[in-house]
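Trainee: have a look at this prediction, sequence included:
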Amino acid sequence: MTISDSTRLLLDLEPAVAENLDRHLGVAKEWMPHEYVPWSLGRDFADLGGDAWAPEQSALSPVARTALEVNLLTEDNLPSYHREIERAFGREGAWGTWVHRWTAEEARHAYCIRDYLLVTRGVDPDELEQARMQVMQTGFDSEEKAILNVLTYVSFQELATRVSHRNTGKVAGDPLAEKLLTRVSTDENLHMVFYRNLAKTALQIAPNATVRAITDEVVGFEMPGAVIPGFTRKAVQIAHAGIYDLRVHHDEVIWPLLRQWGVFELEGLDAEGEQARTELADFLTGLEAQAVRFEEKRDRARERAAARAG
């Protein structure tokens, strides 16, 4: 009986999974989500005789509320993400241990951010709950990506999530929110490092197929939060605030990983691998041009807004 290519790859990568799991457990620091929530600020809502939510109760700027809502609703879809990575990696051995450890760590993020927002009345709780129901019923479907595609996608996605949380904290205008989101982004960074290291090992085992996967995931990249109601409109607001835009995606997410993996320094690729790398280079050139155009357009809009205000 022969084993499939995907099973063989899982077996070949398992020593690296075990090594990086040990590394992760050695550096990950225990933290308690309840210690990041200002419980003393909480009060009852209308149905318990308190006050209904109103926008003026929030100390957050509108764009910070939008970014926090998007970040939270993205984290909410954890059951779907768990299903997808368990499908890809399995539940046995080091792979299975990692899948469940990752899920346990990620689970803290949603309820910690939600507790903060509800206690501080940062967002409309009714709208938030309605959106949560819709997002989780929609779920997230990776369309049964191959293992190499999953590894490369989650590397980019974890880094993108880390950057988004970190930058949201900077614009929140609340030191407590920044502290919380810095803590969450630290988790996301450790997750990114785990996946990044596995993808680097995959480049040694199957360089041509891995470069193909990297190219496909860069070109077709989409955040899992794309299923959020009104995501496009909210993403534009977030981009105009500089929290996460094309420049951030290009400079702080894609290129750091490509450099870590040494994608453009790899030698000995076959014709298919070289073709994938050429496609990647062409896409990055186009993405850089798009980022420049967006920045120029945003600068002009800000100048017009400043002139009107003056």
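Mentor: Yep, that arrived.
Trainee: where does the prediction get shaky in the chain?
Mentor: Across the chain, the ranges flagged by pLDDT under 70 are 1-3.
Trainee: name the single longest helix found in it.
Mentor: Ranked by residue count and defined by DSSP state H, the top helix of the chain is helix 271-309.
Trainee: which strands or helices does it pack on?
Mentor: Helices and strands touching helix 271-309, by 3 or more Cβ pairs under 8 Å, 6 or more residues apart in numbering; DSSP states H and E, are helix 207-219, helix 231-240, helix 246-248. C-betas here are computed from N, CA, C, even on glycine.
Trainee: for Thr120, find the nearest of these.
Mentor: Using Cβ to Cβ as the measure, helix 231-240 is the one of these that comes nearest Thr120, at 19.9 Å.
Trainee: re the thing from before, Throw the helices and strands packed on helix 271-309 into TSV and include distance to Glu56, thanks.
Mentor: Listed next are the helices and strands packed on helix 271-309 as TSV, based on distance: least, Cβ to Cβ, whole Å:
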stretch	distance to Glu56
helix 207-219	43
helix 231-240	20
helix 246-248	31
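Trainee: return the most buried member of those.
Mentor: With neighbours defined as mean count of other Cβ atoms under 10 Å, these peak in mean count at helix 207-219, which reaches a mean of 22.
Trainee: list the contacts of that one.
Mentor: Helix 207-219 has contacts (Cβ atoms under 8 Å, 6 or more residues apart in numbering) with 146, 148-149, 151-153, 156, 199, 202-203, 254, 258, 261, 263, 266, 268-270, 272-273, 276-277, 279-280, 283-284.
Trainee: just the buried residues from those residues, in PyMOL please.
Mentor: Selecting only the buried members of the contacts of helix 207-219 in PyMOL, with burial defined as 16 or more other Cβ atoms under 10 Å, works like this:
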select buried, resi 146+148+149+151+152+153+156+199+202+203+254+258+261+263+266+269+273+276+277+279+280+284
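Trainee: what are the buried residues along the longest helix of the chain?
Mentor: Of all the residues in helix 271-309, those buried under the rule 16+ other Cβ under 10 Å are Gly273, Ala276, Arg277, Glu279, Leu280, Leu284, Leu287, Ala291, Arg298.
Trainee: try stretch 110-127
Mentor: By neighbour count, and taking 16+ other Cβ under 10 Å as the criterion, the buried residues in stretch 110-127 are 110, 112-124.
Trainee: and those, which is closest to Arg183?
Mentor: Nearest to Arg183 among the buried residues of stretch 110-127: Cys112, at 8.2 Å, using Cβ to Cβ.
Trainee: helices and strands around the one helix or strand the closest one maps to, which ones?
Mentor: Take DSSP states H and E as the rule and Cys112 turns out to sit in helix 93-120. In terms of contacts (3+ Cβ pairs under 8 Å, 6+ apart), helix 93-120 is packed against helix 5-27, helix 62-76, helix 78-89, helix 125-138, helix 175-205.
Trainee: now do the fourth one: which elements does it pack against?
Mentor: Under the contact criterion of 3+ Cβ pairs under 8 Å, 6+ apart, helix 125-138 touches helix 62-76, helix 93-120.
Trainee: so for Trp31, which of the ones you listed sits nearest?
Mentor: helix 93-120 (7.9 Å).
Trainee: now do the closest one against helix 125-138, angle only.
Mentor: Taking axes from the mean of the first three to the mean of the last three Cα atoms, to 10 degrees, one finds helix 93-120 and helix 125-138 inclined to each other by 160 degrees.
Trainee: angle of helix 93-120 against helix 62-76?
Mentor: For the pair helix 93-120 and helix 62-76, the angle between their directions (the same axes, to 10 degrees) equals 140 degrees.
Trainee: for the most centrally placed residue in the chain, give me its contacts.
Mentor: Central residue check for the chain by Cα atoms, centre = their mean: the C-alpha nearest the mean position is that of Thr161, 2.6 Å away. Remark: with contacts taken as Cβ under 8 Å, 6+ apart, Thr161 is in contact with Asn71, Thr74, Ser185, Glu188, Met223.
Trainee: what's the closest non-adjacent residue to the fourth one?
Mentor: Take Glu188 and drop its neighbours on the chain: the residue closest to it by Cβ to Cβ, 6 or more residues apart in numbering is Arg162, 3.7 Å away.
Trainee: I'd say the one you found and Arg183 touch.
Mentor: No: using Cβ atoms under 8 Å, Arg162 and Arg183 do not qualify as a contacting pair, with a distance of 11.5 Å.
Trainee: spit out the contact partners of Ser106.
Mentor: Ser isn't right for residue 106; it's Glu. For Glu106, the set of contacting residues under the criterion of Cβ under 8 Å, 6+ apart consists of Glu75, Leu78, Tyr81, Asp187, His191.
Trainee: at 6 Å instead, please
Mentor: Residues touching Glu106, when contacts are defined by Cβ atoms under 6 Å, 6 or more residues apart in numbering, comprise Leu78.
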